[in-house]
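> Just a sequence and a predicted model for now, questions to come.
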Amino acid sequence: MDAQFQEMFDHFQIRKVLADYCRGSDRVDQALMASVYAQDSWDDHGVVQASGPDFARIMCERIRTGTDSLSHLLGQSTITVDGDAAGAETYFLAVAHDVSSDGTPMCNQLGGRFVDSLAREDGEWKVKNRKVLRDWSVAIPVHHDWVLSNTLTRGRRSNEDHSYKVLGTTHGARD
């Protein structure tokens, strides 16, 4: 049973790394986003390819200046673990709200997969190599925000976001 518990724990830790990456990206929390990468890492997101820390810096700046909001939803993961190395394929849906070059508000959606090689460094799982695969995408003009006038609290990209208080974390610090 010990081997099965270790496998479950490794899968849990890897899924946490994937969630931390998405939270860092969506909240534009560069420190959190960078924390998921191994020391010698590479991220291939197509148009942006860089070492993990450089990728986090580049993408956080692009997200901050180019979108009003970004949300990732993670789907199923297939994970294989071999000692201190692992592979993972994780489905995702990313939705970004921005404005097109002609001023039209847009809802851009991407369905794809993170294909990761991971390594255990100092007892923690880290992304060593990531390649993002695009399965589909669509850009939809936004003519009306159907919940804009209700009282839902708007998400923030700072400590003002309610999640930081509830989780007891700090924006810009490794969670």
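Structure's in. What do you need?
> Give me the buried positions along the helix or strand where residue 92 lies.
If you go by DSSP states H and E, residue 92 is part of strand 85-99. If you call a residue buried by 16 or more other CB atoms under 10 Å, then strand 85-99 has these buried ones: 86, 87, 88, 90, 91, 92, 94, 95, 96, 98. C-beta coordinates here come from the backbone N, C-alpha and C atoms, glycine included.
> Would you mind giving those residues as JSON lines with pLDDT added?
Formatted as JSON lines, these follow (pLDDT from 0 to 100):
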{"residue": "86", "pLDDT": "98"}
{"residue": "87", "pLDDT": "98"}
{"residue": "88", "pLDDT": "98"}
{"residue": "90", "pLDDT": "98"}
{"residue": "91", "pLDDT": "98"}
{"residue": "92", "pLDDT": "98"}
{"residue": "94", "pLDDT": "98"}
{"residue": "95", "pLDDT": "98"}
{"residue": "96", "pLDDT": "97"}
{"residue": "98", "pLDDT": "94"}
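> Which residues does the strand holding residue 92 contact?
For strand 85-99, contacts defined as CB atoms under 8 Å, 6 or more residues apart in numbering pick out 10, 14, 18, 22, 66-80, 105-120, 125, 142.
> looking at this, residue 117 is in a strand?
Yes - counting by DSSP: H, G, I helix; E, B strand; the rest coil, residue 117 is part of a strand.
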